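*Asks:* Below is the structure, and that's it, no one-letter string:
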């Protein structure tokens, strides 16, 4: 059930708006419409009634819509508020948005546009409520405000995080680029007993071997040219807290040996020194590579892998959690509307279908960047597929799965099919063996044996 408050001093226009909003009511989503001719009566209604959407004229007999929205925002910061104005100007729009209005309409009101905006407001409110309920179910004390989604894939991640965060163990986060590995690492720290201690982030792929070692482990004066004083490294800086090593798969072999020693001995030795320094640090790492395969190729130490992967957490790519796209849209579009003075409220059904079928190679990061560009160039409050770049519109999309029997060819051996199925799932999961084994319903050890057997 949704409720509206219409604030309009013109009897004819107020009655027209009441009649139209009442006409949107259905048995499934009944509406209640309150009306007020001025600010005094509007505040009286708001004092006694809970409303979901407020629609107010800019100029009223005793006040202005901007003054009303300012008062409303003191107690209802999230209630959608539409300002109607018969004197449109960019200055008026900016003033209304800055005061706290969600959007504005030009009079005479286009009822189709009004309906689109109202439906967008109610849909976003429902999605927010659903996400709040999800977080409440995860735990009253588990802080997950930045995790957006309600798909089964993301619920599985949140449930696992609830167990991982308080346990003071080393965690390896696996997943494609753009899936939010740094966000998850921060969430682990914030929900641990170390939350009031430092959280230090290091991108191992962005530093050369020499710089990485000096940054991680620290240096002594005179250790190399330019080392004019003793300097603590990131491990010392993170003492008592958490260190997050992103792109751990890019670390060079010598640094891997040093890191393994730190993990085993719980002490760090600065470059140029022989004196170990005890440290108390939780280590969380992340990679978009399959480290076991990298170990097979000789690019990553297997003993280091097992030290890092005490607990493994796999972040699903966006294409496996397409159901979360409306929630992600709602989260990002609110930021972009505020930043660029826009009033985008929803995606067209055609665009939703495109987004759900798109591969998203850049995952959430790509979705965010595409959406930001679309909002900047938006001329309407509904984004259309035609607003996408021509390159993106022609990008490959996933096809609906055919019946399994349709792909069976007579005369092909079971072993050949098994090999093909394993190869296909490894490709879909970007080489992640743990995820592939889960999908196939076999153990990771069995999968590894079959990979060797079929020389995949």
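*Replies:* Everything's here; your move. Given the structure is predicted, the values throughout are model-derived calculations rather than measurements. Numbers count the residues shown, from 1 in each chain.
*Asks:* quick check: domain ranges of this protein?
*Replies:* For the chain, automatic domain parsing gives the domain ranges 2-131, 147-314, 318-393, 404-454.
*Asks:* wouldn't residue 290 be in contact with residue 432 here?
*Replies:* Yes: in this structure, residue 290 is within contact of residue 432 by CB atoms under 8 Å, at 6.0 Å. In short, each C-beta sits where N, CA and C put it, glycine included.
*Asks:* SS state for residue 105?
*Replies:* Residue 105 carries the three-state label strand when classified by DSSP: H, G, I helix; E, B strand; the rest coil.
*Asks:* what sits in contact with each of residue 290 and residue 432?
*Replies:* Contact with both residue 290 and residue 432 is made by residues residue 174, according to CB atoms under 8 Å, 6 or more residues apart in numbering.
*Asks:* From residue 353, how far off is the closest residue to residue 393 other than its chain neighbours?
*Replies:* Nearest residue to residue 393 in three dimensions, chain neighbours excluded: residue 385, at 6.7 Å (CB to CB, 6 or more residues apart in numbering). Distance of residue 385 to residue 353, given as CB to CB, to the nearest Å: 8 Å.
*Asks:* More neighbours: which of the two?
*Replies:* residue 385 (16 against 13; other CB atoms under 10 Å).
*Asks:* Contact partners for that one?
*Replies:* If a contact means CB under 8 Å, 6+ apart, then residue 385 has 348, 350, 351, 354, 393 as its contacts.
*Asks:* Buried ones among these?
*Replies:* Among these, the ones that count as buried by 16 or more other CB atoms under 10 Å are 351, 354.
*Asks:* For the contacts of residue 385, give me TSV that also has secondary structure.
*Replies:* Listed next are the contacts of residue 385 as TSV, based on three-state DSSP:
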residue	secondary structure
348	coil
350	helix
351	helix
354	helix
393	helix
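*Asks:* Which single one of the contacts of residue 385 is nearest to residue 41?
*Replies:* Taking CB to CB as the measure, residue 41 sits nearest to residue 348 out of those, at 37.7 Å.
*Asks:* Which pLDDT value goes with that closest one?
*Replies:* pLDDT recorded at residue 348 is 90.
*Asks:* is it true that it touches residue 380?
*Replies:* No: counting by CB under 8 Å, residue 348 sits too far from residue 380 to count as a contact (9.6 Å).
*Asks:* Identify the contacts common to the two.
*Replies:* By CB under 8 Å, 6+ apart, no residue touches both residue 348 and residue 380.
*Asks:* rewinding a little: dump the contacts of residue 385 to a markdown table, plus distance to residue 305.
*Replies:* Shown next, in a markdown table, are these (distance: CB to CB, whole Å):
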| residue | distance to residue 305 |
| --- | --- |
| 348 | 46 |
| 350 | 45 |
| 351 | 42 |
| 354 | 39 |
| 393 | 41 |
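*Asks:* Give me the local confidence score for the nearest residue to residue 149 once chain neighbours are set aside.
*Replies:* Residue nearest to residue 149 in three dimensions, not counting chain neighbours: residue 324, with 3.7 Å by CB to CB, 6+ apart. Per-residue confidence (pLDDT) for residue 324: 89.
*Asks:* ditto for residue 303
*Replies:* Note on residue 303: pLDDT of 94.
*Asks:* what about it, distance to residue 264?
*Replies:* 9 Å.
*Asks:* Check residue 80 too.
*Replies:* On the measure of CB to CB, residue 80 and residue 264 end up 56 Å apart.
*Asks:* Equivalent analysis for residue 383, please.
*Replies:* Computed as CB to CB, the residue 383 to residue 264 distance reads 52 Å.
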